[in-house]
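Visitor: Below are the sequence and a predicted model for it; my questions follow.
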Amino acid sequence: MAKIDLVFRRIDERTADVSLELAKRHLRPDNIHILDDVRPFTACVEEMLKIEHDCDYVVYLDADCLILEDMRAFIEECDAAYVDAYVTDRFRGRIHCGVHITRIDLVRAMARVTPPEDDLKYALRPESRLRNLAMKPLRLSKQFRNFDILHDYFQAYRHVFQKYALRELRSRTKVQFKRLSSAMSRWPAAEETDLDCQVAMAAVEYARRHVPKGASAQETHDFIAALPEHADRGLAEMGLVEKGAFTLTDLESWLEKNDHRQVYGAAADRPKVFGLGLSRTGTRSLTHALQMLGWDCSHYPIDEDTYTELANGQYDLTLLKYHDGLTDITCAPYYQQFDKQYPGSKFVLTVRDKEAWQRSCRNHWFNRPAFGHAEDPDQETHFLMRQLLRAAVYGCYTYVPERFSWVYDRHVAEVMDYFKDRPEALLVIDVCAGDGFEKLAPFMGVPVPAEPFPHKGAVLSQRVDAARARADDDADSGDDEDVDTNPDTVAAE
């Protein structure tokens, strides 16, 4: 049985007591460590990484999260290095934040990382920055999981103000700005009667006035460190009286009146979903989009069970007992078998301009050999999966332009022919050209979310190919995964 430690991080959240009570109920941790009012967050991260754990997993939980379902069973079965939880956010809909399930070897690796100096990414997201720096040399990747968790509901006005002043600072890239703007576009309709939205809007404007674009990492850090004082000033300007205490009874009364899971809640008869696109066609973007719609999907799994089952022609995958679907080339050779194994499933074929796709494949496959020395069993499994799927999908172990061109045309034609009599089972989208939730959400039978489609570096400009050709290949993910890049520098998948 796995041992689980809870690190509970609270400042002055109105939901702190209720959050901790729900965490005890639904995580049943073996040990609880409370970080109380440690500010700014860089200091909190430093303190949490000093904790000496004797466990298998650490769950880092922010006190603005209310866990409403049992998570212990999932963690008991988990073997991922890191799982980010999708939650239902008060202001932004379905996002991943606030609850982080981290394997103990990664926690210790994070503790060994020296915090970078004068680093804006570290100032804005210290925990995420250290985790990414720790994961990269270990060749680890993160997973995502949907849980019934409320985030930023019922918070005090001062907490909302601090949160959204910080949110504005974190939204100064093209992608993050678009996400914040999309969320804010829904607020005005409710603003007159929704004081939380009024406070959030005021906080965004306050941060824009007091921290100009181009501010240094130190200036940004100083503003963040003084957020409580800024919140007091901002709320005084608005003339608001703070909310009262929040109790478990208040939550239970709210839950009786509000069906918060009607869109994203898990349904027993929900279909499996398979992403049939080849590498570099937007498969990572599709995976994240499906997560946002409520489908827990695995993108290019490289675990030993999945490799062994596929290599032996077994399509009742162990992985699909715990996930709602698969994406990337893990599906491409086997989609007809998955269709029979999981009747009623949905299939999404991601396509892309073929010339741009081939350039992206050439860059992506550079310095990614199919064979090599494995330093540990996990790396050996990764090589074996890479060999299996390259042979099954492309019929070669290296990038061969003529072969790839032929495979792309054949794959698209065969998928279209296979589903020609069942158009309701197949969706074809060009993520790289801008297709998104307006097609995917209706196909999956759910409303279009407020958040924009997560184009994980999707190609919206042809300048990507030249930029990627010049860039060093420093990807931190698996063989056929789409690689996140800086959206302000290179917009590519």
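Guide: All right, it came through fine. Numbers count the residues shown, from 1 in each chain.
Visitor: List the contacts of residue 251.
Guide: By CB atoms under 8 Å, 6 or more residues apart in numbering, the contact set of residue 251 is 18, 66, 154. Every residue, glycine included, has its C-beta placed from N, CA and C.
Visitor: Show me where the stretch 201-350 of the chain has its strands.
Guide: With DSSP state E, counting those that start in this stretch, the ranges of strands along the stretch 201-350 of the chain come out as 273-275, 297-299, 325-327, 346-350.
Visitor: Who does the third one pair with, and is each partner parallel or antiparallel?
Guide: This points to strand 325-327. Here strand 325-327 is paired, per DSSP bridges, with strand 273-275 (parallel), strand 297-299 (parallel).
Visitor: now the ones you listed in TSV, with mean pLDDT, distance to residue 425 and mean neighbour count?
Guide: Output for those, formatted as TSV (pLDDT from 0 to 100; distance: least, CB to CB, whole Å; neighbours: other CB atoms under 10 Å):
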stretch	mean pLDDT	distance to residue 425	mean neighbour count
strand 273-275	98	10	27
strand 297-299	91	17	25
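Visitor: Who does the residue lying closest to residue 281 once chain neighbours are set aside form a beta bridge with?
Guide: Leaving aside its sequence neighbours, residue 281 sits nearest to residue 350 (CB to CB, 6 or more residues apart in numbering; 4.1 Å). Judged by DSSP bridges, the bridge partners of residue 350 are residue 429.
Visitor: Near residue 350, how many other residues are there?
Guide: 27 (other CB atoms under 10 Å).
Visitor: rewinding a little: out of the strands paired with strand 325-327, which gets nearest to residue 252?
Guide: If you check each of the strands paired with strand 325-327 against residue 252 by CB to CB, strand 297-299 wins as the nearest, at 32.3 Å.
Visitor: ok now the closest one, how far from the chain's centre?
Guide: Counting by CA atoms, centre = their mean, to the nearest Å, strand 297-299 is centred 11 Å from the centre of its parent chain.
Visitor: contacting residues around it?
Guide: Residues contacting strand 297-299 (CB under 8 Å, 6+ apart): 143, 273, 275, 283-284, 287, 290-291, 319, 323-328, 330, 481.
Visitor: swap in stretch 198-210?
Guide: Residues contacting stretch 198-210 (CB under 8 Å, 6+ apart): 91, 157, 160-169, 180, 184, 187, 191, 223, 230-231, 234-235, 237-238, 240.
Visitor: What subset of the contacts of strand 297-299 is buried?
Guide: Among these, the ones that count as buried by 16 or more other CB atoms under 10 Å are 143, 273, 275, 283-284, 287, 290-291, 323-328, 330, 481.
Visitor: what helices or strands is the strand or helix carrying residue 145 leaning on?
Guide: Per DSSP states H and E, residue 145 falls inside strand 142-151. For strand 142-151, the packing partners by 3 or more CB pairs under 8 Å, 6 or more residues apart in numbering; DSSP states H and E come out as strand 65-67, strand 82-89, strand 93-103, helix 283-293.
Visitor: go again using 6 Å as the cut-off
Guide: Here strand 142-151 touches strand 65-67, strand 82-89, going by 3 or more CB pairs under 6 Å, 6 or more residues apart in numbering; DSSP states H and E.
Visitor: For the ones you listed, could you give me CSV that also reports mean neighbour count and mean pLDDT?
Guide: What follows is these, written out as CSV (neighbours: other CB atoms under 10 Å; pLDDT from 0 to 100):
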stretch, mean neighbour count, mean pLDDT
strand 65-67, 25, 98
strand 82-89, 23, 91
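Visitor: now those strands in JSON lines, with distance to residue 107?
Guide: Shown next, in JSON lines, are the helices and strands packed on strand 142-151 (distance: least, CB to CB, whole Å):
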{"stretch": "strand 65-67", "distance to residue 107": "19"}
{"stretch": "strand 82-89", "distance to residue 107": "10"}
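Visitor: Out of these, the one nearest residue 340 is which?
Guide: Closest among those, using CB to CB: strand 82-89, at 29.8 Å.
Visitor: can you give me the angle the closest one makes with helix 283-293?
Guide: 50 degrees (axes from the mean of the first three to the mean of the last three CA atoms, to 10 degrees).
Visitor: in its sheet, what does strand 82-89 sit against?
Guide: Paired strands of strand 82-89, defined by DSSP bridges, are strand 93-103 (antiparallel), strand 142-151 (parallel).
Visitor: same for the next helix or strand after the shortest one, what does it pack against?
Guide: Looking back up the chat, that one is strand 142-151. Where DSSP H and E defines the elements, the next helix or strand beyond strand 142-151 is helix 157-169. Counting contacts by 3+ CB pairs under 6 Å, 6+ apart, helix 157-169 packs against helix 195-210, helix 227-238.
Visitor: Out of the ones you listed, the one nearest residue 355 is which?
Guide: Nearest to residue 355, of all those, is helix 195-210, at 41.0 Å by CB to CB.
Visitor: Now that closest one: buried residues?
Guide: Buried, per 16+ other CB under 10 Å, within helix 195-210: 196-204, 206-207.
Visitor: what's the average pLDDT for it?
Guide: Helix 195-210 shows a mean pLDDT of 94.
Visitor: what helix or strand is residue 61 on?
Guide: strand 57-62.
Visitor: How is this protein divided into domains?
Guide: 4-151, 157-242, 273-470 (automatic domain parsing).
Visitor: would CSV of those domains with distance to residue 258 be doable?
Guide: Below are those laid out as CSV (distance: least, CB to CB, whole Å):
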stretch, distance to residue 258
domain 4-151, 10
domain 157-242, 14
domain 273-470, 16
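Visitor: Quick check: which of these is nearest to residue 249?
Guide: domain 4-151 (9.5 Å).
Visitor: how about the longest helix along the chain: buried residues?
Guide: As assigned by DSSP state H, the longest helix anywhere in the chain is helix 401-418. In terms of neighbour count (16+ other CB under 10 Å), helix 401-418 has its buried residues at 404, 407-408, 411-412, 415, 418.
Visitor: what about the stretch 51-200 of the chain, any weak spots by pLDDT?
Guide: 188-193 (pLDDT under 70).
Visitor: about what we covered before: out of the strands paired with strand 325-327, which is closest to residue 343?
Guide: Using CB to CB, the nearest of the strands paired with strand 325-327 to residue 343 is strand 273-275, at 12.6 Å.
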